[in-house]
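Participant: here is a sequence together with a model predicted from it:
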Amino acid sequence: MRRYLFFVNLPYSYSILRPLQDEIRRRGDEAAWFVAGCSAEPLRPDEQHLKTVADVMAYQATATFVPGDWVPYFFPGIKVEVFHGMARNKRGHRSEDESDHYRIRGWFDLYCTHAVSDTAKFQALAQQHQHFAVAHTGWPKLDPLMSKPVAGRRERPEGQLPVVFFASTFSRSVTAAPALVDKIAELAASGRWQFIVTLHPKMDPEVVEQYRSLAGKNLRFVESDEDLLPILPQADVMLCDTSSIMFEFMFLDRPVVTFKTKMPGPYLIDVDTVEELEPALTKAMEYPHELMRVARSLCEDLHSFRDGASSVRVMDAVNDFMANKKSELKRKPLNLLRKLKVRRRLQRELKKS
């Protein structure tokens, strides 16, 4: 029986890694979780929690899976990057977190990519650096969405209001949350719409509290550590800014409205003023043919697989790496200063947990 480790640094890591845990268990192996920098409260009773670095070292995992951009280099086993979002859109614009998407820091042995274009870029980097491998696997987080027939227009019971899922990122230069709080409060109070609201874990606490206080009959506030995957299909349309969650929602084959997005394109309805917001939501509820066609094309570019089996491919890639590729790679660069910084960062993050 092999052991695997999940390194969690932000709340959204849970929903990315749990499909992998399901596949690991299906194969008769086991997984454990190490949380640094956020709460371990989302862990379930049947999920093993390693609370200290000493626990991790004793666990001796074959591989550590990481949805973020760093990992303690001294943890046992290979380090596998599975990414925390789909960072690029069809036109090549950058999201708020993509500046480091292709930056190689020397932490990972295996990168598990989502799309053909990203795979080619990482493979070119792998040939250049020669100390990591690349596998085109797809994103485990999408497995639950892809494996259930929930795509397309949602069937609403008669008399039920249309549901808008509002998700906003935290960066001040792109977030829509502060600008839209009064408008969303107004629309929820109008009796014409229902809202599900979630905000990035790093969002300004004052803004979070403003939205949390709006919770009521027509507005549900979802805390940042809740699993959003089961909630996404409950909405008819998404309202967003420049968060990559908009791409996840598009895989439901449902429309997205954005407010002053930095990633504009024909696959969404973007508005620049709060006065345009409700007309845009109304238009989205019509599921315009061309909008949906272009959004489907974008999804094909962002993620190559629609079979809900990305976790299977990731685990197969790990096995292939261990058997055939690990011994062929060069040693990673020493990076002594970076390693010192990682140790200090880990100490800081553990204090937050």
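Facilitator: Everything's here; your move.
Participant: so for stretch 170-179, what gets flagged as buried?
Facilitator: Buried residues in stretch 170-179, counted by 16 or more other C-beta atoms under 10 Å: 170-171, 174-177. C-beta: built from backbone N, CA, C; applies to glycine.
Participant: kindly export that stretch (C-alpha atoms) in CSV.
Facilitator: This file holds the C-alpha atoms of stretch 170-179, laid out as CSV (Å, rounded to 0.1, in the frame of the first residue of the first chain):
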residue,chain,number,x,y,z
PHE,A,170,-9.4,39.7,-3.6
SER,A,171,-6.9,41.9,-5.6
ARG,A,172,-7.9,45.5,-5.3
SER,A,173,-7.1,46.2,-8.9
VAL,A,174,-9.6,43.7,-10.2
THR,A,175,-12.1,42.8,-7.4
ALA,A,176,-15.7,43.8,-8.0
ALA,A,177,-16.9,43.1,-4.5
PRO,A,178,-16.6,46.6,-2.9
ALA,A,179,-18.3,48.2,-5.9
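Participant: pull the distance from it to the chain's centre.
Facilitator: Distance, stretch centre to chain centre, for stretch 170-179: 18 Å (C-alpha atoms, centre = their mean, to the nearest Å).
Participant: ok, and what's touching that stretch?
Facilitator: Contacts of stretch 170-179 with the rest of the structure, by C-beta atoms under 8 Å, 6 or more residues apart in numbering, involve 96, 168-169, 199-204, 207, 211, 240-242, 258-262, 274.
Participant: now with 10 Å?
Facilitator: 95-97, 166-169, 183-184, 197, 199-204, 206-208, 210-211, 224, 239-243, 258-263, 271, 273-274, 277 (C-beta atoms under 10 Å, 6 or more residues apart in numbering).
Participant: return the subset of these lying in strands.
Facilitator: Here DSSP state E is the test, and those give 166-168, 197, 199, 239-240, 258-259, 271 as lying in strands.
Participant: ranking by neighbours, what's the top pick from those residues?
Facilitator: Most neighbours among those, by other C-beta atoms under 10 Å: residue 239, with 30 neighbours.
Participant: what's across from the residue lying closest to that residue once chain neighbours are set aside in the sheet?
Facilitator: Distances taken as C-beta to C-beta, 6 or more residues apart in numbering place residue 166 nearest to residue 239, at 4.4 Å, with adjacent residues excluded. Assessed by DSSP bridges, residue 166 has beta-bridge partners residue 197, residue 239.
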